[in-house]
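Visitor: After the sequence you'll find the predicted model.
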Amino acid sequence: MDTPAYERRIRWLHALMALALLAQLVFGFALNEIAPRGTPARGLVINLHKSCGLLLLGLALLRLYWRQRGPAPGWPVSMSAWQIRAAVWGHRALYACMLLMPLSAYLASNFSKHGVKFFGLLLPPWGPELPAVYSVFNGFHKGLAWVFTALILGHIAMALKHHLVDRDGLLQRIKP
């Protein structure tokens, strides 16, 4: 089936971000194994994670900008109304996680004494050191990591279902 595709740059940005987001999630889940608390490497590793997160936030904003510039390709005619609604809400949830995860970590960092070092450039904290506030934002960030992981797995599963079972060309519209 011939399904209209996204622009080439959007398809490549999707692929690049998919790989980068998966790597960032794995990196985040493995932080304590890579650099346990109290070790000399901890600060460097945490700041690399923060820097990559802020970079991914910028890429997510770029994706949103391009997405708002024009309509997405149409859905395959074989998709029912409820499947389209589920896909739309699933994509919205993915974008929400792409935005809220780095924002919650950035906010958390601004209520600690450390702030953010963006690839070595110190962005001093603008908030007071408030461990309870830090803990709330950091807990939200960690919880979102699990939600985001589940959403990504669901997104991949649905893409494979459309490709292997429905054979409706849906995956082809985003493939670089």
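Guide: Looks like it arrived, so ask away.
Visitor: where's the closest residue to Ile46 other than its chain neighbours relative to Trp75, distance?
Guide: Closest residue in space to Ile46, ignoring its immediate chain neighbours: Leu31 at 6.9 Å, by Cβ to Cβ, 6 or more residues apart in numbering. For the C-beta atoms, the positions are set from N, CA and C on the backbone; glycine is no exception. From Leu31 across to Trp75, the span is 39 Å (Cβ to Cβ, to the nearest Å).
Visitor: Would you mind telling me which of the two has the busier surroundings?
Guide: Remark: of Leu31 and Trp75, Trp75 carries more neighbours, 18 against 15, as counted by other Cβ atoms under 10 Å.
Visitor: contacting residues around Leu99?
Guide: With contact taken as Cβ atoms under 8 Å, 6 or more residues apart in numbering, Leu99 is in contact with 57, 60-61.
Visitor: Between these, which sits nearest Leu151?
Guide: Relative to Leu151, the closest of the contacts of Leu99 is Ala60; by Cβ to Cβ it sits at 13.8 Å.
Visitor: how near is that closest one to Gln24?
Guide: On the measure of Cβ to Cβ, Ala60 and Gln24 end up 11 Å apart.
Visitor: what pLDDT does the residue nearest the centre of the chain get?
Guide: With distances taken as Cα atoms, centre = their mean, the chain has Met98 as the residue nearest its mean C-alpha position (3.4 Å). Note for Met98: predicted pLDDT of 98.
Visitor: Over to Leu21?
Guide: pLDDT recorded at Leu21 is 98.
Visitor: Let me see the contact set for it.
Guide: Leu21 makes contact with 56, 98, 148, 152, according to Cβ under 8 Å, 6+ apart.
Visitor: Which secondary structure state does the nearest residue to the third one once chain neighbours are set aside sit in?
Guide: By that I understand Phe148. Nearest non-adjacent residue to Phe148, counting by Cβ to Cβ, 6+ apart: Cys97, 4.0 Å away. Secondary structure state of Cys97, per DSSP: H, G, I helix; E, B strand; the rest coil, is helix.
Visitor: Okay then, goodbye and thanks.
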